[in-house]
Structure formats: C-alpha cells, structure tokens
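Participant: Quick one, fold the following:
(chains A and B)
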Amino acid sequence: RKEVEQDPGPFNVPEGATVAFNCTYSNSASQSFFWYRQDCRKEPKLLMSVYSSGNEDGRFTAQLNRASQYISLLIRDSKLSDSATYLCVVSISESNTGKLIFGQGTTLQVKP
Amino acid sequence: NAGVTQTPKFRVLKTGQSMTLLCAQDMNHEYIYWYRQDPGMGLRLIHYSVGEGTTAKGEVPDGYNVSRLKKQNFLLGLESAAPSQTSVYFCASSYLRGRIFDQPQHFGDGTRLSIL
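Facilitator: A predicted model of the protein is given here:
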C-alpha cells in the first residue's frame, strides 16, 4: 500500500465549477501536511499547508482529518489557470530529516 | 533571486556513461533533497543532506552517489548510467526553522535525463 494515496484523475470540470480532491495517508506518525501544485513539465510548488483546524486561501480550502488519516482540497469557482496536477504531501517527524512523502498527484483540467 | 538552480536542464547519456547533476541554492538552506519523478510513481527521494558535509540515503539510492562539500551545493552522481535511471530529477531545499517537518520544500526546475 502506498504511504500517500490519491485518485490520479483526470478530473475534467467546466470553468466556475467546484472540485474536491481527496488523499489518504497510512503513517499515523505523520506530522505535517501540504498541497503542492505541479504544472506540466514544471517543478512542484507549495500551494498551501494543511492545518488540523482547516484553512482557506482565497478559492482554496484544505481540510485534515487525523482520525481518518484523510486530507482534502476544495477548489471553488475553478479557473482555466487551475489546470495542473495537485500533489498531496505528508511529512513525518523522523530524526529531524524533513523528509516529505508525495502522493502521485491528481490531475485537474478546467475547460472553458 | 535564483532560489534553487539545477544544472544541466537536459541531458542524453549512453548506458555506462557517468555524469553529475548540480543543485545550487542561494537561500542559505540547511536541508537539501534529490528526487526522481517517473510517470505514475510520484516523487521519490534518492538522497538528502541535513547539513554541509552530511548525506543520507532516501527511498531509491541505488546507482547514485551524492556529495555536499559546500552548504550551497548538493551534487548527484551517476557512476554508470542505466536506462532505468531515465527520469526527471528535482532538487529541493528547506529551512531549519522551528520544527523541520513543518517546513515546505522549494524546488528547482528539474533536470530531464535520458539514458539510451
């Protein structure tokens, strides 16, 4: 079983739609959680950290459920520019290494 | 503001050749990581360093060596390239500030390596 699992998609949605991505992680020692965005043939870039209380950044809302080991990302009012692959990322407090575990990503295509 | 710079951007090698990928960061970050990204596999950690002069193995270290002689640079070496090492390689770095596992990583723009 992969340590971080995501539905690879692709998710094809029209502009203006609301779309949600889910992610599960297997290691209960996971400490910190992130969503990264990766455009085609580009490097991953941090979209947002995910906090236990949930957090919002504009049209993006991230939620964490530690009991279920589940992370979500909600995108409201999708824009064409939101088309990308979204990586669910987990950090484990292992010997202060800062290592991150990446999901394989969920691809979003926003259509006009 | 260069951030994390990877050299080269693209390279084609023949099986058995050797080469070194350079990662240079100008943000004074202590932690640096080398990943490979393959279709359907996500990013996998090859080697990493938590400070100048230190290196450690990640998830997929076989066939690679690394060195961190200077804080700014982290070198990834392929001693005898194999077709299975065809991949996109990313370098990333992060701060040592507070709890390291809270810190996001900043990525270079990748090296596309093909081995024939």
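Participant: for A:Thr61, helix, strand, or coil?
Facilitator: The three-state label given to A:Thr61 by DSSP: H, G, I helix; E, B strand; the rest coil is strand.
Participant: what's near enough to touch it?
Facilitator: Under the criterion of C-beta atoms under 8 Å, 6 or more residues apart in numbering or on different chains, the contact list for A:Thr61 reads A:54-55, A:73-74, A:76. The C-beta positions use only the backbone N, C-alpha and C, and glycine is treated the same way.
Participant: Tell me where the chain has strands.
Facilitator: As the question left the chain open, I've gone with chain A. Taking DSSP state E to define them, one finds strands in chain A at A:4-6, A:11-14, A:19-25, A:30-38, A:44-50, A:55-57, A:60-65, A:70-75, A:84-92, A:100-102, A:106-111.
Participant: I was after chain B.
Facilitator: For chain B, the strands defined by DSSP E cover B:4-7, B:10-13, B:19-25, B:31-38, B:42-49, B:56-57, B:64-67, B:73-78, B:87-94, B:106-107, B:111-115.
Participant: Dump those to TSV, plus mean pLDDT.
Facilitator: Output for those, formatted as TSV (pLDDT from 0 to 100):
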stretch	mean pLDDT
strand B:4-7	96
strand B:10-13	96
strand B:19-25	96
strand B:31-38	95
strand B:42-49	93
strand B:56-57	94
strand B:64-67	97
strand B:73-78	97
strand B:87-94	96
strand B:106-107	94
strand B:111-115	96
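Participant: just to revisit the earlier point, reformat the strands of chain A into JSON lines and put mean pLDDT next to each item.
Facilitator: What follows is these, written out as JSON lines (pLDDT from 0 to 100):
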{"stretch": "strand A:4-6", "mean pLDDT": "93"}
{"stretch": "strand A:11-14", "mean pLDDT": "96"}
{"stretch": "strand A:19-25", "mean pLDDT": "95"}
{"stretch": "strand A:30-38", "mean pLDDT": "90"}
{"stretch": "strand A:44-50", "mean pLDDT": "93"}
{"stretch": "strand A:55-57", "mean pLDDT": "92"}
{"stretch": "strand A:60-65", "mean pLDDT": "95"}
{"stretch": "strand A:70-75", "mean pLDDT": "96"}
{"stretch": "strand A:84-92", "mean pLDDT": "92"}
{"stretch": "strand A:100-102", "mean pLDDT": "90"}
{"stretch": "strand A:106-111", "mean pLDDT": "96"}
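Participant: nearest to B:Phe90, of those strands?
Facilitator: If you check each of the strands of chain A against B:Phe90 by C-beta to C-beta, strand A:44-50 wins as the nearest, at 7.3 Å.
Participant: picking up where we left off before, can I get the strands of chain A in TSV with distance to B:Lys9?
Facilitator: Written out in TSV, the entries for those read as follows (distance: least, C-beta to C-beta, whole Å):
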stretch	distance to B:Lys9
strand A:4-6	28
strand A:11-14	30
strand A:19-25	30
strand A:30-38	17
strand A:44-50	17
strand A:55-57	31
strand A:60-65	30
strand A:70-75	30
strand A:84-92	20
strand A:100-102	22
strand A:106-111	24
